[in-house]
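1. Take this sequence and fold it.
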Amino acid sequence: METLSDDYMENVRSLDAILGVGRSCDLVNRNYIIGGRRARLWVIDGYGKDETLERMSAFWLSLTEAQVKNLSQMQEFADRFISFSETSVSMDAADIVTSVLLGKTLLLVEGLQGAALMDAKEYPSRGVNEPPDGKVLRGSHDGFIEALVPNMALLRRRIRDPHLTMEAARVGQRSRTDMVLCYLEDKVDRTLLEELRQKLQNVTVNSLTMAQESLAEAIRPKQWYNPFPKVRYTERPDSAAASVLEGNIVLMVDNSPSVMILPTTFFDFTQEANEFYFPPLVGTYLRLLRIIVFFISLLITPAWYLMVSSPERLPEWMDFLSSPEPVSLTLLSQLLVVEFLIDVLKLASLNTPDSLSNSFSLLGALILGDFAVQAGWLGPEVLVYMAFVSLAGFAQPSYEMGYAFKLLRVALLLVTAAFDVWGFVLGVVGIVVLLATAKPLVGKGYLYPLIPFNAKALRRLFFREPISPDNT
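-> Now for the predicted structure:
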């Protein structure tokens, strides 16, 4: 069945079979007599607003034969007797079925060509509370949720410009997941926008099970060995709105509270919302501090291991670094063990009930701290350096970038242990090569505005500038 036929009962039987009436307990269907004509309504239980549908049903049942006698098209019926603001008429069976599964209400009336699709749905959703990551001391405390319509409204509330465009798309042969491209029509890079459209159109997957992450994996360049993230995510409407005003594209995926900001470069991860809720001087200090600390976290444990392995290289004023306490495990083993234990604690904390989180934190601190030192497994110096590394990782707002730096730090530590100074140099060069060869999802390049060089844009990334017409 590709299109609806002129036979009402044939259409009813076909749609019942496709939608799963009698097979799926959440598929609600109801027969009516409207103006002497048979009619049938389908809706997914939990999507339709009962009060609204009851009011409309009562109105339809009150119609007389004379009122619908001369009607032959569903569009005529919709224009006269359907008050839903979002109502469309379709003859395409695939479009009708997909619309019902998306939450729309389907109405079929005998003798009328076409089916009415009424958007009377109300998705189950949580409140627009502040997201757990990206919290700010000042500023707005709302956040995106798992439904597209409220998320679009949060952006519309901040950008009251007719050029703001919300372009709908759909991906997934089975899931038919909705997504929205949000951009400013008069400011977006048209080449970049068309490139992104082509990538979305060429996605051939059954479903986006993990929402935006599944989509990112479907369209990102095939560089599994490169840990640098190709997409920047945010759950903050103010950050997303600022990006749109600067000419970027925000990609929203249904069922996900995180939106994707495109194009994404390496230097975009140097910015955080907190910086823009403080004066420019304070914001610049916070940004530079975070960048410096984060890059130090990449090099500190491999560099310390290199210095400790050959103490004679150190000047006298750095002798305090060359004598860690002797323990059962080698220094390399200690550093690797603590690296992995920190991740184990992170994973365990995600699955710990809130009522037990304080006890879990205390237990983890005791095991990794005092008990491990007293038992002679770990040296206090190792715990100090790894504590700094952990704190530096939390200072970076992007989890993806934090884990990229972690993997690179472990790799650098291993090659340093294997090849000494040459290994350290080779590892640093390898990191630079990975960074330089990383392919962005879309855009000019992963190292823009360094390559290709744009001095003004690069300065804005490192220094928080006062607000201006071109700087949001």
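2. element containing the closest residue to Val338 other than its chain neighbours?
-> Nearest residue to Val338 in three dimensions, chain neighbours excluded: Met386, at 4.4 Å (CB to CB, 6 or more residues apart in numbering). The way it works is simple: take the backbone N, C-alpha and C, and place the C-beta from them, glycine included. According to DSSP states H and E, Met386 maps onto helix 380-395.
3. what's whatever helix or strand comes next after that helix packed up against?
-> Note on helix 380-395: by DSSP H and E, the next helix or strand toward the C-terminus is helix 399-437. Judged by 3 or more CB pairs under 8 Å, 6 or more residues apart in numbering; DSSP states H and E, helix 399-437 is in contact with helix 280-309, helix 331-350, helix 380-395.
4. Would you mind listing the buried residues in helix 399-437?
-> Neighbour-count burial for helix 399-437, counted by 16 or more other CB atoms under 10 Å, picks out 400-402, 404-406, 408-409, 411-417, 423-424, 427-428, 431, 434-435.
5. what do you get for stretch 148-166?
-> Counting neighbours by 16+ other CB under 10 Å, the buried set in stretch 148-166 is 148-152, 154-155, 158-159, 164-166.
6. hmm, back to that, who's in contact with the residue nearest to Val338?
-> Counting by CB atoms under 8 Å, 6 or more residues apart in numbering, Met386 makes contact with 301, 335, 338-339, 342.
7. measure Tyr403 to Gln396 for me?
-> Using CB to CB, to the nearest Å, one gets 10 Å for the distance from Tyr403 to Gln396.
8. can you redo the helices and strands packed on helix 399-437 as CSV with distance to Leu458 and mean pLDDT?
-> Rendered in CSV, the data for those read as follows (distance: least, CB to CB, whole Å; pLDDT from 0 to 100):
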stretch, distance to Leu458, mean pLDDT
helix 280-309, 13, 89
helix 331-350, 32, 83
helix 380-395, 22, 83
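9. Nearest to Arg13, out of the ones you listed?
-> With CB to CB, the closest approach to Arg13 among the helices and strands packed on helix 399-437 belongs to helix 331-350: 48.7 Å.
10. and that closest one, how far out from the chain's middle?
-> Relative to the centre of its chain, helix 331-350 is centred 26 Å away, using CA atoms, centre = their mean, to the nearest Å.
11. Check stretch 5-22 too.
-> Distance of stretch 5-22 from the chain centroid (CA atoms, centre = their mean) equals 38 Å.
12. Check stretch 88-103 too.
-> Stretch 88-103 has its average C-alpha position 28 Å from the chain's average C-alpha position, going by CA atoms, centre = their mean.
13. Buried residues of it, list them for me.
-> Burial within stretch 88-103, assessed by neighbour count using 16+ other CB under 10 Å, is assigned to 88-90, 93, 96-97, 99-103.
14. same thing with stretch 169-177?
-> Along stretch 169-177, the positions that meet the burial threshold by neighbour count (16+ other CB under 10 Å) are 169, 171-172, 175-177.
15. Now the two most distant members of those residues.
-> The widest separation within the buried residues of stretch 169-177, taken as CB to CB, falls between Ala169 and Ser175 and amounts to 13.2 Å.
16. So which residues of this structure form strands?
-> Secondary structure of the chain (DSSP state E): strands located at 27-34, 37-44, 87-90, 105-109, 115-118, 164-171, 177-184, 232-234, 249-253, 259-262.
17. Of those strands, which is nearest Glu316?
-> For those, distance to Glu316 was read as CB to CB. The smallest value, 45.3 Å, belongs to strand 232-234.
18. neighbours of the nearest residue to Pro263 once chain neighbours are set aside, just the number please.
-> Of all residues not flanking Pro263 in the chain, Gly443 sits nearest, at 2.7 Å (CB to CB, 6+ apart). Close neighbours of Gly443, defined as other CB atoms under 10 Å, add up to 20.
19. Confirm for me that Gly443 is in contact with Leu192.
-> Yes - using CB atoms under 8 Å as the test, Gly443 is close enough to Leu192 to be in contact (6.1 Å).
20. joint contacts of those two?
-> Contact criterion CB under 8 Å, 6+ apart; residues bridging Gly443 and Leu192 by contacting each: 262-263.
21. buried ones in the helix holding Met386?
-> Residues 381-383, 385-386, 389-390, 392-393, 395 are the ones in helix 380-395 that count as buried (16+ other CB under 10 Å).
22. Same check on stretch 259-279?
-> Across stretch 259-279, burial judged by 16+ other CB under 10 Å covers 259-276, 278.
23. cool, and stretch 195-212?
-> Buried residues in stretch 195-212, counting neighbours by 16+ other CB under 10 Å, are found at 195-196, 200, 205, 208, 211-212.
24. roughly how far out does that stretch sit from the chain middle?
-> 14 Å.
25. what's the closest residue to Cys25 other than its chain neighbours in contact with, if anything?
-> Excluding the flanking residues, the one nearest Cys25 by CB to CB, 6+ apart is Asp45, at 7.9 Å. Under the criterion of CB under 8 Å, 6+ apart, the contact partners of Asp45 comprise 25-28.
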